[in-house]
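# Take a look and give me a structure for this.
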Amino acid sequence: SAGEACLDRRVAVLQRIVTLLNSGVLADKKAADTIDAVLPELEAVPEAVLAELVDALLSSFEHGTDTNARALELLPKSLELLTPADRLSVDKGYSGVEFKNDVVSRLCSAEWPAGSVLTLVAMLRDLSLSSEQLKDVVAKIARQLRRLELQELPPLVYQFLLLSTEEHKGLILKGIVDHVNVLERKYRQGPDQQGQRRQLQQIEGTVILHIDFAIKQDPELGKELLKLVKQPSFVWTPFTLGLLLSIARISRFEDKVFGTLKANGVATLRNSVDEAHSGWFSRLAPPPRPAVTLESVLLDTVRNSTQGWDNILQPLVQLGLVLMEHSSGKSADQAAAAAGAKAVQLGQAVLLEMFKLHKLVRAELLDQILARLITKSDHAQCFIQLLATIISQNSQLLEHVQKIKDAFDYLAYLTPATAQGLLTAVEPIVLTNAAFQDHVILVLRKAMFNKESDARSTAVGGFLQLLRSVHQRPTPDADSLGYEIVGFLKRCLSQQAALRQKLYAGVVDLLEARPALHEPLFDLLLSQFLRYYEQDASIVPPLKLGMCQELQAGVPVVLEPVQRLLCCLQRAVVIRTGQLADQDTEDDQSG
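This next block holds a predicted model:
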């Protein structure tokens, strides 16, 4: 009949289209247009004929005659039409649901051509799968990852993540993470692998972006990642660390991520300390040391971040800060204290490397360091050490000098120890930047007359430190600047006894270390001593002791630490005598 003839022609056309799709002769756009044209026509094909067509498609795929799997894109629509059927006229007499289950099983059992994996994953995503079927599909795709070229990994990961459901998010993430870890081990060693390592790092950055995007769309995926990280068998690599840091930018995961990283990091450091100090452990046969340590993983992650891992830059800075602010508390546990110290050192190393490698984070990192100094953080000394290292090792700091200059406006409000450390840290800038040096002097002059004793103590220590600095690296104007600073220190002689005592102690050190300053410093000490020297030769000792102390509410109070002053003068005379003796010796030898 005419209807049967029409159906025969329709089936013949479909079979020819399938043959063309399988052969690969159609360009991608033409193949896609052809599939879009055929899909609506499938509704007019009888169930039995459609089932035979699906069976033929699968047979072709299983026997390897389908080279690109484009024809399999007809499966989702076909199975959608066949699934409601009670009985299909095929060899096994399957119902529609049984037929679909058999198709999925055959797909998972077949060998997938490497060039068809991406097409197959996209096709499977359009199928309505049961939980068990999806689990089998996920396992199949995870096995296919190892067959891909590096550049094929990101698009497949993207499609793979779209398959995730509530039941199998963890399996999908584990499959991706395990495969990338295998690649990292493969390309870790050997100079001949350097090019491929760099390519892998770039690929990893793209994969991290895909997973990060998927987690933003589906927070449950992020929870599964955190569960995966907490498993005992989880392996820390630059990729897994970068992946976890990337989701720290999502507010709901930030605290959990850094809490997890801090707990794991400190526990690992504590274990290494315990092993190093354990007598019985060292007597055992030495276990093979892991090729990868926490320190190497973290620093490798920092270096990998130069390969397009921009989304983890800020979290890396934050992780470094978290490690630096780790405290083992006041526990007497030496191992805990040692682990805490190693955590601080590791945090410093991370932040220093970040400052070297990334211009984008330098301003923020300096802001974070200076903020902790200004707010009198308990870890201020650690951050001063970091700042000193950054200043000494990085010429890139010049554009950020203004930030440090602005921070000096708060110098009078810092503790004397913190202020002294900060002045020592910025010494290279003071010696090379005249404007910065002038600003420091101005701040110290203001602090000298501050109503707070700590601020005045900071000023005295600061001027003494400045004197040491300018004469450590002599410049043409070092002497004039030294005389100017000594003039500022003279004003300290009208301050409290504690400040004068600090001045005397500092002057002794300067007399020994900086002979060029001997004359102005000796004059400073002598003028102060003459205020308390008794001209009347009949008085012994010839000192106005009444001006050096007084009673306040019946308690003796020192007004002038004259014993320190005398020791300082005596030391100055000894040093000067030695200098003159050395000079006479040189003159005799030259004569």
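# CA only for contacts and neighbour counts going forward, please
OK.
# so who does residue 497 touch?
Residues in contact with residue 497 (Cα atoms under 8 Å, 6 or more residues apart in numbering) are 558-561.
# Helix, strand, or coil at residue 167?
coil (DSSP: H, G, I helix; E, B strand; the rest coil).
# what do you get for residue 15?
helix.
# One more: residue 326?
For residue 326, the assignment made with three-state DSSP gives coil.
# gap between the closest residue to it other than its chain neighbours and residue 346?
Excluding its sequence neighbours, the residue lying closest to residue 326 (Cα to Cα, 6 or more residues apart in numbering) is residue 340, at 6.3 Å. Distance, residue 340 to residue 346, using Cα to Cα, to the nearest Å: 10 Å.
# before we move on, the earlier item: between the contacts of residue 497, which sits nearest residue 516?
The nearest member of these to residue 516, counting by Cα to Cα, is residue 561 at 26.0 Å.
# residues near that closest one, how many?
16 (other Cα atoms under 10 Å).
# My read is that it contacts residue 502, right?
No - using Cα atoms under 8 Å, residue 561 makes no contact with residue 502, being 10.1 Å away.
# Helix or strand, whichever it is, which one in this protein has the lowest mean pLDDT?
None of the helices or strands of the chain scores lower by mean pLDDT, DSSP states H and E than helix 279-283, at a mean of 58.
# Centre of the chain to the very next helix or strand once past that helix, how far?
Of the helices and strands lying after helix 279-283 in sequence (DSSP states H and E), the nearest is helix 294-304. Relative to its chain's centre, helix 294-304 lies at 9 Å (Cα atoms, centre = their mean, to the nearest Å).
# ditto for stretch 194-209
Remark: stretch 194-209 is offset 18 Å from the chain centroid, using Cα atoms, centre = their mean.
# what's next to that stretch, contact-wise?
150-151, 153-154, 157-158, 180, 183-184, 187-188, 239, 242-243, 246, 304, 307-309, 311.
# Low-confidence bits of the stretch 251-400 of the chain, can you list those?
274-292, 327-333, 395-396 (pLDDT under 70).
# ok, which stretches of it are strands?
Under the criterion DSSP state E, counting those that start in this stretch, the stretch 251-400 of the chain contains no strands.
# Can you verify my assumption that residue 545 contacts residue 534?
No - counting by Cα under 8 Å, residue 545 stays clear of residue 534, with 9.2 Å between them.
# Helices along the stretch 51-200 of the chain, start to end?
75-82, 96-109, 117-125, 131-144, 153-162, 169-187, 194-217 (DSSP state H, counting those that start in this stretch).
# swap in the stretch 351-500 of the chain?
Under DSSP H, counting those that start in this stretch, the stretch 351-500 of the chain gives helices at 359-374, 380-393, 401-407, 416-425, 427-432, 434-448, 453-472, 478-490, 497-513.
# a markdown table for those, including distance to residue 108?
Output for the helices of the stretch 351-500 of the chain, formatted as a markdown table (distance: least, Cα to Cα, whole Å):
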| stretch | distance to residue 108 |
| --- | --- |
| helix 359-374 | 47 |
| helix 380-393 | 55 |
| helix 401-407 | 61 |
| helix 416-425 | 64 |
| helix 427-432 | 66 |
| helix 434-448 | 70 |
| helix 453-472 | 74 |
| helix 478-490 | 81 |
| helix 497-513 | 81 |
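# can you tell which of those helices is closest to residue 123?
That would be, of the helices of the stretch 351-500 of the chain and by Cα to Cα, helix 359-374, which comes in at 41.5 Å.
# Off-centre distance for the closest one?
How far helix 359-374 lies from its chain's middle: 14 Å, per Cα atoms, centre = their mean.
# Would you mind getting the angle between it and helix 416-425?
If you take axes from the mean of the first three to the mean of the last three Cα atoms, to 10 degrees, helix 359-374 sits at 150 degrees to helix 416-425.
# helices or strands up against helix 359-374?
Under the contact definition 3 or more Cα pairs under 8 Å, 6 or more residues apart in numbering; DSSP states H and E, helix 359-374 sits against helix 313-324, helix 334-357, helix 380-393, helix 401-407.
# So which other helices or strands are in contact with the shortest one?
Translated: helix 401-407. Judged by 3+ Cα pairs under 8 Å, 6+ apart, the packing partners of helix 401-407 are helix 359-374, helix 434-448.
# among those, which is nearest residue 250?
So among the helices and strands packed on helix 401-407, helix 359-374 is nearest, using Cα to Cα, at 18.9 Å.
# Report the separation between residue 508 and residue 39.
Look at residue 508 and residue 39: by Cα to Cα, they are 94 Å apart.
# Neighbour count for these two, which is higher?
Using other Cα under 10 Å as the criterion, residue 508 and residue 39 rank with residue 508 on top: 22 against 15.
# any idea how far that one lies from residue 575?
From residue 508 across to residue 575, the span is 10 Å (Cα to Cα).
# Double-check that residue 568 belongs to a strand.
No - read with three-state DSSP, residue 568 is helix and lies in no strand.
# Pull the contacting residues for it.
504-505, 507-508, 525.
# Narrow the contacts of stretch 194-209 to just the buried residues.
Buried by 16 or more other Cα atoms under 10 Å: 150, 153-154, 157-158, 180, 184, 187, 239, 242-243, 246, 304, 307, 309, 311, out of these.
# Which one among those residues sits at the bottom for pLDDT?
Within these, the minimum per-residue pLDDT falls on residue 187 (81).
# Report the separation between it and residue 316.
24 Å.
# cool, and residue 424?
Distance of residue 424 to residue 316, given as Cα to Cα: 28 Å.
# quick one: which of the two has more around it?
More neighbours surround residue 316 than the other of residue 424 and residue 316, with 25 against 18 (other Cα under 10 Å).
# my guess is the more buried one meets residue 245, correct?
Yes - under the criterion of Cα under 8 Å, residue 316 makes contact with residue 245 at 7.1 Å.
# any idea of the mean pLDDT in stretch 403-417?
Across stretch 403-417, the per-residue pLDDT values average to 91.
# Contacts for that stretch, please.
By Cα under 8 Å, 6+ apart, stretch 403-417 touches 366-367, 370, 373-374, 376, 419, 436, 439-440, 443-444, 447, 450, 454-459, 461.
# List buried members of these by neighbour count.
Neighbour counting with 16+ other Cα under 10 Å marks 366, 370, 373-374, 419, 436, 439-440, 443-444, 447, 450, 454-459, 461 as buried within these.
# Now do residue 16 against residue 42, distance only.
Taken as Cα to Cα, the span from residue 16 to residue 42 is 14 Å.
# more neighbours, the two?
Counted by other Cα under 10 Å, residue 16 and residue 42 do not tie: residue 42 has more neighbours, with 18 against 12.
# what about that one, is that helix, strand or coil?
Secondary structure, three-state DSSP: residue 42 is helix.
# Who are the contact partners of it?
With contact taken as Cα under 8 Å, 6+ apart, residue 42 is in contact with 50, 77-78.
# repeat for residue 459
Contact analysis of residue 459 by Cα under 8 Å, 6+ apart lists 412, 444-445, 447-448.
# farthest-separated two in those residues?
The span of the contacts of residue 459, defined through Cα to Cα, is set by 412 and 445 at 10.3 Å.
# For these two, indicate the residue with more neighbours.
Neighbour count, other Cα under 10 Å: between residue 412 and residue 445, residue 412 has more, with 23 against 20.
# What's the local residue count around residue 378?
Residue 378 - counted by other Cα under 10 Å - has 11 other residues nearby.
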